[in-house]
Structures are given as structure tokens and as C-alpha cells.
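Novice: need a structure here:
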Amino acid sequence: MVLPQWAFGAAVALMIVGLLGVLLPVVPGLGWMWIVVLVYAIAEHFRTIDPLSFGVLTILGLGGMTADIWLSQLGARVTGASLASTLFSIAGGLIGGLIGFLVGGIGALPGTLVGSILGVLLNEYRERREWRPAWKATLGLLVGFTLSSAVKLALGLAMLAIFVLQVLRG
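Specialist: Numbers count the residues shown, from 1 in each chain. As a prediction, the model looks like this:
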């Protein structure tokens, strides 16, 4: 089934909204972009977005949707955080995100970030009894979190480019 031109334009516009979500936490992000691709692919029976392209877009989307977790944890580990601290960071992020979500929804991202920071900082201090290495590990977490935004943006742009090229190629 060939979709009308307006469907392609609407899909691109919705994907751009998802791309903005990488930078603005109140806007849906890469998960939204993936859903747009899925709906478009189903609507056109996977003719232009073939299963291989859809698989690549899924991998890019998953990488981007999880980048905050794995890059922030990598940053913490590189700067000396223990494995336990990275686990506390993940737990703190989940708890903080849940609390933030329950307090109006918009606080989910700040809650996740604050929870992750406190998880690393407090556990590193508990293990080492020194603030300097605890702050160093926490800074690594923040650097990783910042880097994850750049990675998500790059992956989102790649998703958009692949989608557009596949549809235009026909």
C-alpha cells in the first residue's frame, strides 16, 4: 500500500518532535520516533521501511533510549566509582524518576538525575569515607549523562535520515 505524501510529511514532523525530546524532557524522545516509524511501516505493509531497515531503526532507538543509563554509568566507572555505586546510582535514578513522575510527571527526568547523583555520591562516601573521590565519581556520572545527550541526538538524526532515505527511495 502506497501512503499519500501527507502521511510522509506528518511522520517526518512527528519524528522531529521526537528529536526535540532529546533536548527537552517534557517532549517524547527516541521512543516516540520509533513508534512513528512502526506505525508508518505497518500502514504501508513494510514496503519502504523493510524489516532490515526497521531492525536497524529499532537498534538505534534502543541504544538511544538507554544511553542515559549506560553512558552515565560508564562515566562513573571510568572516574573510579565502584560497581556497587553504579548499582546504587541505577536504583537511585529509578526511585528518583518514580517520585518525580508522581509529583506531576514533569519531574521524572530531574528526579532520575538527582536520584542517580545521590546514589553514586552517598555510596562512594559510605565506602571510602572521603568526599573527594565521591565527588570525582559523581562528576564522571554527570559527564556520562551529558555525553548521552549528544549520543541520543546523533542516533535520533540517524533514525530520521534512514527513515527519510528509505521512504524517498521507495
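Novice: If you average pLDDT per helix and strand, which one of this protein comes out bottom?
Specialist: helix 67-78 (a mean of 77; mean pLDDT, DSSP states H and E).
Novice: Run a quick neighbour tally on Leu102.
Specialist: 11 (other CB atoms under 10 Å). Where C-beta positions appear, they are placed from N, C-alpha and C, glycine not excepted.
Novice: my read: Asn123 touches Ile90, true?
Specialist: No. With contact defined as CB atoms under 8 Å, Asn123 does not count as touching Ile90 (11.2 Å).
Novice: what comes into contact with the least confident helix or strand of the chain?
Specialist: With contact meaning CB atoms under 8 Å, 6 or more residues apart in numbering, helix 67-78 is reached by 83, 85-86, 89-90, 93, 112, 116, 120, 137-138, 140-145, 147-148, 151-152, 155.
Novice: Cross those against helices and list the overlap.
Specialist: Those of the contacts of helix 67-78 mapping onto helices are 83, 85-86, 89-90, 93, 112, 116, 120, 137-138, 140-145, 147-148, 151-152, 155, per DSSP state H.
Novice: ok so, going back, mind exporting the least confident helix or strand of the chain as PDB, just the C-alpha atoms?
Specialist: Output in PDB follows, covering the C-alpha atoms of helix 67-78 (Å, rounded to 0.1, in the frame of the first residue of the first chain):
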ATOM      1  CA  ALA A  67      22.100   5.900  26.500                       C
ATOM      2  CA  ASP A  68      21.400   7.800  29.700                       C
ATOM      3  CA  ILE A  69      21.800   4.700  31.700                       C
ATOM      4  CA  TRP A  70      24.900   3.100  30.100                       C
ATOM      5  CA  LEU A  71      26.900   6.200  29.400                       C
ATOM      6  CA  SER A  72      26.300   7.800  32.800                       C
ATOM      7  CA  GLN A  73      27.300   4.500  34.500                       C
ATOM      8  CA  LEU A  74      30.400   4.200  32.200                       C
ATOM      9  CA  GLY A  75      31.400   7.800  33.100                       C
ATOM     10  CA  ALA A  76      31.100   7.000  36.800                       C
ATOM     11  CA  ARG A  77      33.100   3.700  36.400                       C
ATOM     12  CA  VAL A  78      35.900   5.500  34.500                       C
END
